[in-house]
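Student: need coordinates for the following:
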Amino acid sequence: MSGQFTLLVWKYDKQFRTNQEYLGNKILAEKTSEKGYDAIISEYVYIDSPEVEKTIKLIPNVYDKIKGIGIDLGGGVGCISSTIAKNPNVEKIFCVELVEEVVKLCQPIVKKQILKDQHEKVISVVGDYNFLELPDNSVDFAISWDAMHHSQDPVITFRECKRVLKKNGIFIIIDRAHNNSTSDEEIERILNITYDEEFLKKNYRRLDEKLTRKENGEHEYRFYEWKEFFQKAGFELISNVIIKTKTKENLKLKNDDNIKEIFTEYELGAFGNRKIAYVLSPLKE
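Tutor: As a prediction, the model looks like this:
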């Protein structure tokens with residue numbers, strides 16, 4: 001990499017450095033950054049910039065509202081932030097990621113590849129999305145892609161997001177959700193699954209390591225739980241849509257929250273190749 005890479009460091013709890021999720025992402029960043037952009041995308045993000053843009057454009061009445069100053073919560077390697085920053089109506093976007101190695105090793109590569117000479121529109125931040133060092137009512141939009149289910153307390157995270165959002169701002173969450181009918185026992189079963197050897201190998205972990213999904217920072221929320229988080233944090237749900245890769249499983253699986261479903265030919269990546277997209281706005285006080 002040529003040129004100077006600058007970043008901001010915001011307040012975060014250093015204890016997070018010892019948890020399995022942090023360590024796993026640190027290792028992944030170190031290994032994939034040595035191989036370059038394609039490896040970072042395929043091994044860390046699972047979806048490339050053109051498909052990210054297509055997916056965002058599938059969310060009704062949202063793309064035109066992405067303008068001004070934004071923030072990407074749990075922005076990872078910067079693929080989502082960089083894709084959004086291609087939009088000429090976006091002035092800049094803060095990409096907030098807790099794992100320092102992800103920010104320092106991967107984000108410069110990804111930003112340069114996607115944005116070329118406009119890469120400075122993405123401001124790299126090492127920080128915690130629960131402690132945003134921005135003034136109240138200072139950002140026009142917020143986005144989070146596959147990161148909010150990692151929050152230890154989504155209501156706290158959403159309230160901090162609401163604090164920095166302008167009153168007419170929007171918060172776009174692209175994540176995963178389970179049917180309301182999913183039992184507590186099934187949620188617990190999913191969280192206690194131990195990763196197999198294939199996962200450990202792909203993530204550069206020791207093959208004899210015993211690691212459950214819960215230990216790796218995963219949480220599994222149902223549709224009604226997401227809506228409770230939004231309400232408690234002071235957000236109004238403007239719209240939602242489920243976006244799925246057209247697979248046999250996804251065609252067969254129906255949601256029980258009366259949410260419109262859209263199918264794509266390209267792979268969405270990650271959990272089941274399907275996403276729930278929520279568009280929120282701060283409740284008027």
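Student: residue boundaries of the strands in the stretch 101-250 of the chain?
Tutor: According to DSSP state E, counting those that start in this stretch, the stretch 101-250 of the chain carries its strands in the segments 122-126, 139-145, 165-175, 235-245.
Student: adding mean neighbour count and distance to residue 215, write those out as TSV.
Tutor: C-beta coordinates here come from the backbone N, C-alpha and C atoms, glycine included. Formatted as TSV, those follow (neighbours: other CB atoms under 10 Å; distance: least, CB to CB, whole Å):
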stretch	mean neighbour count	distance to residue 215
strand 122-126	23	23
strand 139-145	24	22
strand 165-175	21	20
strand 235-245	18	28
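Student: rebuild the ones you listed as a markdown table, extending it with distance to residue 18 and mean pLDDT.
Tutor: Conversion of these to a markdown table gives the following (distance: least, CB to CB, whole Å; pLDDT from 0 to 100):
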| stretch | distance to residue 18 | mean pLDDT |
| --- | --- | --- |
| strand 122-126 | 16 | 98 |
| strand 139-145 | 24 | 98 |
| strand 165-175 | 25 | 98 |
| strand 235-245 | 32 | 97 |
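Student: between these, which one is closest to residue 267.
Tutor: strand 235-245 (5.3 Å; CB to CB).
Student: just the angle between that closest one and strand 165-175, please?
Tutor: Using axes from the mean of the first three to the mean of the last three CA atoms, to 10 degrees, one finds that strand 235-245 and strand 165-175 are set 30 degrees apart in direction.
Student: I figured residue 105 hits residue 33, correct?
Tutor: Yes - applying CB atoms under 8 Å, one finds residue 105 in contact with residue 33, separated by 3.8 Å.
Student: contacting residues for residue 82?
Tutor: If you count contacts by CB atoms under 8 Å, 6 or more residues apart in numbering, residue 82 has them with 49, 110-111, 113-115, 119, 122.
Student: can we see that at 6 Å?
Tutor: 110-111, 114-115, 122 (CB atoms under 6 Å, 6 or more residues apart in numbering).
Student: assign a three-state SS to it, would you?
Tutor: Secondary structure for residue 82, judged by DSSP: H, G, I helix; E, B strand; the rest coil, is helix.
Student: so what's it closest to, chain neighbours aside?
Tutor: residue 114 (3.8 Å; CB to CB, 6 or more residues apart in numbering).
Student: quick check: pLDDT value at the residue located most distally from the centre of the chain.
Tutor: Distance from the C-alpha centroid of the chain, by CA atoms, centre = their mean, peaks at residue 208 (29.1 Å). Per-residue confidence (pLDDT) for residue 208: 94.
Student: if I look at it, how far off is residue 46?
Tutor: Residue 208 is 26 Å from residue 46, where distance means CB to CB, to the nearest Å.
Student: contacting residues around residue 72?
Tutor: 80-81, 93, 95, 143.
Student: just checking: what are the partner strands of the helix or strand hosting it?
Tutor: For residue 72, the host element (DSSP states H and E) is strand 68-73. Under the criterion DSSP bridges, strand 68-73 sits next to strand 90-97 (parallel), strand 139-145 (parallel) in its sheet.
Student: that one to strand 122-126, inter-axis angle?
Tutor: 30 degrees.
Student: buried residues, strand 68-73. List them.
Tutor: Judged by neighbour count (16 or more other CB atoms under 10 Å), strand 68-73 contains these buried residues: 69-73.
Student: in the chain, which spans are helices?
Tutor: For the chain, helices defined by DSSP state H occupy the ranges 20-35, 37-40, 49-58, 79-85, 100-101, 107-115, 154-164, 184-191, 197-202, 223-233, 248-252.
Student: in JSON lines, list these along with mean pLDDT and distance to residue 261.
Tutor: Output for the helices of the chain, formatted as JSON lines (pLDDT from 0 to 100; distance: least, CB to CB, whole Å):
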{"stretch": "helix 20-35", "mean pLDDT": "97", "distance to residue 261": "30"}
{"stretch": "helix 37-40", "mean pLDDT": "98", "distance to residue 261": "30"}
{"stretch": "helix 49-58", "mean pLDDT": "98", "distance to residue 261": "11"}
{"stretch": "helix 79-85", "mean pLDDT": "98", "distance to residue 261": "22"}
{"stretch": "helix 100-101", "mean pLDDT": "96", "distance to residue 261": "37"}
{"stretch": "helix 107-115", "mean pLDDT": "98", "distance to residue 261": "29"}
{"stretch": "helix 154-164", "mean pLDDT": "98", "distance to residue 261": "23"}
{"stretch": "helix 184-191", "mean pLDDT": "98", "distance to residue 261": "21"}
{"stretch": "helix 197-202", "mean pLDDT": "95", "distance to residue 261": "28"}
{"stretch": "helix 223-233", "mean pLDDT": "98", "distance to residue 261": "13"}
{"stretch": "helix 248-252", "mean pLDDT": "97", "distance to residue 261": "9"}
